[in-house]
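Engineer: Kindly return the folded structure for what I paste below:
(chains A and B)
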Amino acid sequence: MKSLLLKDIYNIKHNMKQMILILLFISICMFFNASVYGVVVFCSVLCTMMTVTTFAMDERCSFAKYAMIMPISRKSYVLEKYMACLIFTLTGTTIGFVESVVYGLFTHNLDLTLILICTGVGILFGLLCGIFYIPILFRFGSEQARLIIFGVFAFFGLVGFLIYWILNTLCIPITIPLLTVSLFFIPVLLALFAVVSYFLSLKFFQAKEF
Amino acid sequence: MDNALQVEHLQKNYSDFTLNDITFSVPSGCIMGLIGENGAGKSTTFKGILNLINVDGGKVSFWGHPLSPQEGKEDIGVVFDQLNFYETLTPKQIGNIGAAAYKRWNQAQYDHYLKQFSLPAEKELKTFSRGMQVKQCLAIALSHHPKLLILDEATSGLDPIMRDEILDIFLDFVQDENHSILISSHITSDLEKIADYITFIHQGNIIFSENKDTLIYNYGILRCGGDTFSALDSSDILSYRKMDYQWEVLVKNKKIAASKYKDAVIDRATIDEIMLLYVKGERK
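Structural biologist: Have a look, this model is predicted:
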């Protein structure tokens, strides 16, 4: 597991400069558009997407085949991808959090509660995306999965919109207390999703021939 | 002699190819060469041995035990025909990955191999030549004290000097009588140089698995005209083919054939010629 994480981090490290530039550029754009708190979610999701890059890199050099002749089980290989996803999501969220705080301090408009809530949303949304697309990556490979992942994001967007529409129709205002309660409730669902997602990925990977 | 690797009745069915009843063993302290034309089933055999494919039948054991997902793999070093690390990694980083993966990883030995093979520790793999890539693969495979090396076309694409250097490393490795090598190669001259046994796979079937000296010293190519060919005992003929002016016949024992067929010329058979006659020739 440690060796696989190390490998993914080394691989991603190479793309780090590009990633930081993209994060900075888009963050600046968002700040100008006053989407200060969306930055955290954006950074989180963008960094989660680096998991897809690790799959693509592995595929390009047939690393999974090599990993299977190392003292690494198929279970460990699958589990590591989830660990990498968690690390990337947390890294992205931390970057977004720092950016938002710095922006708040500069503009003398720091709302730490809202930033923390956005950080929670960022982590949950990033992880949810990862949990959703890792089995797709194991099943279809990174090339095909990219297209499917766009569909997944569209699906989440639609679900978000539907929730908003239902709440709006039922005249339930989206308040900070409501968001806070949801943030405590969603992790349970997320954990359940993660377990199902892991076993699906394992099933796909165990059937894989190299 | 104990077997480092025992393959029994290995079977794998694809829609367009079948690996059929593959049985051979690699004794400890020996080098087994696996030969065969492209698509004969060498790589599929390797994958079956290493659990990289789900086989349809047969048994593979390493030192008498099936390959365990973790502990057993510590004893095996594998080199495929390509470098399986992403091109932006450096040998130094790969060393760190190896150290985290293998319990018996020897960093000093890895550094020694990098030095011996003139591999720059900080340079990205994408700058490496094919020869350097093979050496990098070998450095990883040798640095966790494996007892068995499995090499799939490891010397292909290398110039003769580089191949010679790498063959010397293999010979060094088997100086320890507990060490063994299973190597597949198209370059049969390499195997003639280092292998103790040769297994020949053709169209998914094993044609023979023999001691190399038996092949080289006993097998022969009988060259004769049409009359002599017609008079040959079919039990002496392993394979034959008609050339422009003569018949070429592969015989299992050239001394017996020489005493039986005085009109024929009998030469020593190289592994290349044996393979060629089996693949291109006919059988009576």
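Engineer: Using the three-state scheme, assign residue 156.
Structural biologist: No chain was given, so I picked chain A. Recorded secondary structure, residue A:156: helix (DSSP: H, G, I helix; E, B strand; the rest coil).
Engineer: so what's it up against?
Structural biologist: By C-beta atoms under 8 Å, 6 or more residues apart in numbering or on different chains, the contact set of residue A:156 is A:125, A:128-129, A:132. C-beta: built from backbone N, CA, C; applies to glycine.
Engineer: show me what contacts the closest residue in space to residue B:203 that isn't next to it in sequence?
Structural biologist: Closest residue to residue B:203 in three dimensions, ignoring its sequence neighbours and counting by C-beta to C-beta, 6 or more residues apart in numbering or on different chains: residue B:40, at 6.4 Å. Contact partners of residue B:40, counting by C-beta under 8 Å, 6+ apart, are B:201-204.
Engineer: Okay, residue B:233 and residue B:208: tell me how far apart.
Structural biologist: Computed as C-beta to C-beta, to the nearest Å, the residue B:233 to residue B:208 distance reads 20 Å.
Engineer: can you tell me the helix or strand for residue B:77?
Structural biologist: strand B:76-79 (DSSP states H and E).
Engineer: do the same with residue B:54
Structural biologist: Residue B:54 belongs to no helix or strand, assigned by DSSP H and E.
Engineer: how about the nearest residue to it once chain neighbours are set aside, phi and psi?
Structural biologist: Once flanking residues are discounted, residue B:54 sits nearest to residue A:209: 6.3 Å by C-beta to C-beta, 6+ apart. Phi and psi for residue A:209, reported as degrees, to the nearest 10, are phi -110, psi 150.
Engineer: quick one on the thing from earlier: redo the contacts of residue B:40 as a markdown table? Include secondary structure, neighbour count and pLDDT.
Structural biologist: Putting the contacts of residue B:40 into a markdown table (DSSP: H, G, I helix; E, B strand; the rest coil; neighbours: other C-beta atoms under 10 Å in any protein chain shown; pLDDT from 0 to 100) gives the following:
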| residue | secondary structure | neighbour count | pLDDT |
| --- | --- | --- | --- |
| B:201 | strand | 24 | 94 |
| B:202 | strand | 16 | 92 |
| B:203 | coil | 15 | 92 |
| B:204 | coil | 21 | 95 |
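Engineer: And these, which is closest to chain A?
Structural biologist: Within the contacts of residue B:40, the smallest distance to chain A is 16.4 Å, found for residue B:204 (C-beta to the nearest C-beta).
Engineer: Contact partners for the closest one?
Structural biologist: Counting by C-beta under 8 Å, 6+ apart, residue B:204 touches B:17-20, B:40-41, B:44.
Engineer: repeat for residue A:180
Structural biologist: residue A:117.
Engineer: buried residues in the helix or strand it falls within?
Structural biologist: Residue A:180 belongs to helix A:176-206 when assigned by DSSP H and E. Judged by neighbour count using 16 or more other C-beta atoms under 10 Å in any protein chain shown, the buried positions of helix A:176-206 are A:183, A:186, A:190, A:194, A:197-198, A:200-202, A:204-205.
Engineer: Could you check which residue of the stretch 101-250 of chain B lies nearest chain A?
Structural biologist: Counting by C-beta to the nearest C-beta, the stretch 101-250 of chain B gets nearest chain A through residue B:101, at 3.6 Å.
Engineer: So for that residue, what's the pLDDT?
Structural biologist: With respect to pLDDT, residue B:101 scores 95.
Engineer: Could you look up the SS state of the residue nearest to it when sequence neighbours are not counted?
Structural biologist: Among residues not flanking residue B:101 along the chain, residue A:3 sits closest, at 3.6 Å (C-beta to C-beta, 6+ apart). Here residue A:3 is recorded as helix under three-state DSSP.
Engineer: and residue A:3, what is it in contact with?
Structural biologist: By C-beta under 8 Å, 6+ apart, the neighbours of residue A:3 are A:70, A:72, B:97-101.
Engineer: buried sites along the helix or strand of chain A with the lowest mean pLDDT?
Structural biologist: Ranking every helix and strand in chain A by mean pLDDT, DSSP states H and E puts helix A:16-32 at the bottom, with a mean of 79. By 16+ other C-beta under 10 Å, the buried positions in helix A:16-32 come out as A:19, A:23, A:27, A:30-31.
Engineer: One more: stretch B:241-256?
Structural biologist: B:246-252, B:254.
Engineer: distance between stretch A:10-28 and the chain's centre?
Structural biologist: 15 Å (C-alpha atoms, centre = their mean, to the nearest Å).
Engineer: CA atoms only: put that stretch into PDB for me.
Structural biologist: C-alpha atoms of stretch A:10-28 as PDB (Å, rounded to 0.1, in the frame of the first residue of the first chain):
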ATOM      1  CA  TYR A  10       5.700  10.700  -7.300                       C
ATOM      2  CA  ASN A  11       3.700  10.500 -10.500                       C
ATOM      3  CA  ILE A  12       1.400  13.300  -9.600                       C
ATOM      4  CA  LYS A  13       4.300  15.500  -8.300                       C
ATOM      5  CA  HIS A  14       5.300  15.900 -11.900                       C
ATOM      6  CA  ASN A  15       2.000  17.500 -12.700                       C
ATOM      7  CA  MET A  16       2.000  19.600  -9.500                       C
ATOM      8  CA  LYS A  17       3.300  22.800 -11.100                       C
ATOM      9  CA  GLN A  18       0.600  22.700 -13.700                       C
ATOM     10  CA  MET A  19      -2.100  21.900 -11.100                       C
ATOM     11  CA  ILE A  20      -1.000  24.800  -8.800                       C
ATOM     12  CA  LEU A  21      -1.100  27.200 -11.800                       C
ATOM     13  CA  ILE A  22      -4.600  26.000 -12.800                       C
ATOM     14  CA  LEU A  23      -5.800  26.300  -9.200                       C
ATOM     15  CA  LEU A  24      -4.500  29.800  -8.800                       C
ATOM     16  CA  PHE A  25      -5.800  31.000 -12.100                       C
ATOM     17  CA  ILE A  26      -9.300  29.700 -11.600                       C
ATOM     18  CA  SER A  27      -9.300  30.800  -8.000                       C
ATOM     19  CA  ILE A  28      -8.500  34.300  -9.000                       C
END
